[in-house]
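Colleague: the sequence isn't on hand, but the structure is:
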């Protein structure tokens with residue numbers, strides 16, 4: 001059996017302070033699911049450099065996994081979904097903080113059914 005190199009998509013909508021722990025959890029989940037590559041889509045009003053300052057430690061601890069990171073503003077969700085649909089992905093995982101659960105639910109509601117069928121884990125319930 002050949003290894004599956006299709007990426008796992010992560011939808012992340014958390015506070016900046018929670019980024020390090022969320023990224024650690026994401027890397028752990030991807031390893032458990034047999035993934036080799038992650039496409040992280042972070043929805044945040046923060047600047048790109050601020051995001052990296054908060055997630056840097058977790059990223060450096062997991063350099064053996066392939067990683068693509070996109071940061072999106074909350075009003076760019078449609079662009080994000082179009083970008084995700086360009087990938088031949090294995091599945092996706094959602095992460096959100098308590099105050100962003102409602103917003104993440106709204107995003108998940110507009111996802112196409114074909115994408116919803118590929119959900120591996122949902123931490124926003």
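Modeller: Thanks, I have the structure now. Being a predicted model, the structure only gives us computed values, none of them experimental.

Colleague: CA only for contacts and neighbour counts going forward, please
Modeller: Noted.

Colleague: so where's the chain shaky on pLDDT?
Modeller: When the per-residue scores of the chain are filtered using pLDDT under 70, the ranges that remain are 1-3.

Colleague: which residue ranges of it form strands?
Modeller: Remark: strands of the chain, listed N- to C-terminal, are 8-13, 37-43, 66-72, 91-96, 119-122; assignment by DSSP state E.

Colleague: hey, which of those strands is tucked in deepest?
Modeller: strand 8-13 (a mean of 25; mean count of other CA atoms under 10 Å).

Colleague: ranges for the helices of this protein?
Modeller: Per DSSP state H, the chain carries helices over the ranges 19-32, 48-60, 77-84, 101-110, 113-116.

Colleague: I'd like those helices as a markdown table, with mean neighbour count appended.
Modeller: As requested, the helices of the chain are arranged in a markdown table below (neighbours: other CA atoms under 10 Å):
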| stretch | mean neighbour count |
| --- | --- |
| helix 19-32 | 18 |
| helix 48-60 | 15 |
| helix 77-84 | 14 |
| helix 101-110 | 14 |
| helix 113-116 | 12 |
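
Colleague: so for residue 92, which of those helices sits nearest?
Modeller: When the helices of the chain are ranked by proximity to residue 92, the top entry is helix 113-116, at 8.2 Å, counting by CA to CA.
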